[in-house]
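Participant: I'd like to go over a predicted model; first the sequence, then the structure.
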Amino acid sequence: MLAYFSRMKKLELESWNRKAHFDFFKTYDQPFFGITTELDVTIAYQESKRLKSSFFLYYLHKSLVVINEIECFRYRILENDVVVFDTIRAGTTINRPDGTFSFSYIPYFKEFAAFEQSALQVIEEIRATNGLSHTDRSQDVVYFSAIPWVKFTSVEHAMNSKVPDSVPKIAFGKWEERDGKKYMPVSVHVHHALMDGVNVGEFYNLLQTLLSVCSEINYTFSPILLPANFVENTRHSGAMPVLFALLANKII
């Protein structure tokens, strides 16, 4: 039996407005779809340097904040049920100095400082070992990969058709500077029985917003610090209520 670090509950399928979509896409041999786009990480990069923190851990944390706020990113298929986890951890690859990598599992904390401290401990432990450390098969995670050597335009993930899988997969590529700004490719693959393109769009829009504001901002923020298209993007993405909840709780 799998061990889960987060509580979960069953989704009421009969009253779910996507039940027909779930029934349709769950029968597909390959039900995942993927989207890749670039995000402006200029301010995020500056913030990570100001905090003397890893840029990777900085944007990884922002991604987890978004994932934990958008409910469908916490959906998983277990046998014939859809469950909703309370909290999602990061299942991410960690590179070693010898060129190999290992899987790792980093718990989620709303506060970046607590997340960073936990992540650094996990990374230290991983780099002192060999192999893949792939014994954790629980699904209260999102799989992350960082590919900082490649500015990609699309990603194809290794898939095992013999093992049921509904976990989202997110990859980050090499950032590139253009016209004084830094842009990084971000690829998102999700199970179509659990969500649609509009949900991936919401993820991108909210993540872009979190990457574009200073981490010190709370509910007393000054609008002058926000990107010019901030209000328009968040309003149309459906992320506005989520964003202001994050601001009010001083998560960003």
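Facilitator: Thanks, I have the structure now.
Participant: Can you report phi and psi for residue 191?
Facilitator: Dihedral pair for residue 191: phi -80, psi 120, per degrees, to the nearest 10.
Participant: isn't there a helix covering residue 207?
Facilitator: Yes. Counting by DSSP: H, G, I helix; E, B strand; the rest coil, residue 207 is found in a helix.
Participant: For the closest residue to it other than its chain neighbours, the count of nearby residues, please.
Facilitator: The spatial neighbour of residue 207 that comes closest, neighbours along the chain excluded (Cβ to Cβ, 6 or more residues apart in numbering), is residue 66 at 4.9 Å. Yep, even glycine has a C-beta here, placed from its N, CA and C like the rest. Residue 66 has 23 neighbours, counted by other Cβ atoms under 10 Å.
Participant: Now name the helix or strand holding residue 66.
Facilitator: Taking DSSP states H and E as the definition, residue 66 sits inside helix 55-69.
Participant: Report all helices and strands that that helix contacts.
Facilitator: In terms of contacts (3 or more Cβ pairs under 8 Å, 6 or more residues apart in numbering; DSSP states H and E), helix 55-69 is packed against helix 42-50, strand 89-95, helix 112-127, strand 141-146, strand 169-172, helix 197-211, helix 240-248.
Participant: Residue 20 is nearest to which of these?
Facilitator: helix 197-211 (16.0 Å; Cβ to Cβ).
Participant: That closest one relative to helix 55-69, how many degrees between them?
Facilitator: Angle of helix 197-211 versus helix 55-69, following axes from the mean of the first three to the mean of the last three Cα atoms, to 10 degrees, is 130 degrees.
Participant: Show me what counts as buried in helix 197-211.
Facilitator: 199-211 (16 or more other Cβ atoms under 10 Å).
Participant: Repeat that for stretch 87-99.
Facilitator: For stretch 87-99, by 16+ other Cβ under 10 Å, it's 87-95.
Participant: Next: stretch 112-131.
Facilitator: 112, 115-116, 118-119, 122-123, 126.
Participant: so who does residue 89 touch?
Facilitator: The contact partners of residue 89, taken as Cβ atoms under 8 Å, 6 or more residues apart in numbering, are 5-6, 64, 105-108, 140-142.
Participant: do residue 152 as well
Facilitator: With the criterion set at Cβ under 8 Å, 6+ apart, residue 152 makes contact with 36, 171, 173-174, 185, 187.
Participant: list the contacts for the residue nearest to residue 207?
Facilitator: Contacts of residue 66 (Cβ under 8 Å, 6+ apart): 73, 203, 206-207, 210.
Participant: got it, and residue 166?
Facilitator: Taking Cβ under 8 Å, 6+ apart, one finds 75-77, 139, 191, 193-194 in contact with residue 166.
Participant: re the thing from before, average pLDDT for the helix holding residue 66, rounded please.
Facilitator: Computed over helix 55-69, the mean pLDDT rounds to 98.
Participant: starting at the chain centroid, how far to that helix?
Facilitator: On the basis of Cα atoms, centre = their mean, to the nearest Å, helix 55-69 sits 6 Å off its chain's mean C-alpha point.
Participant: what angle do that helix and helix 42-50 make?
Facilitator: 120 degrees.
Participant: Remind me what the helix or strand just after helix 55-69 packs against, helices and strands.
Facilitator: Using DSSP H and E, the helix or strand that follows helix 55-69 towards the C-terminus is strand 75-78. Judged by 3+ Cβ pairs under 8 Å, 6+ apart, strand 75-78 is in contact with strand 81-85.
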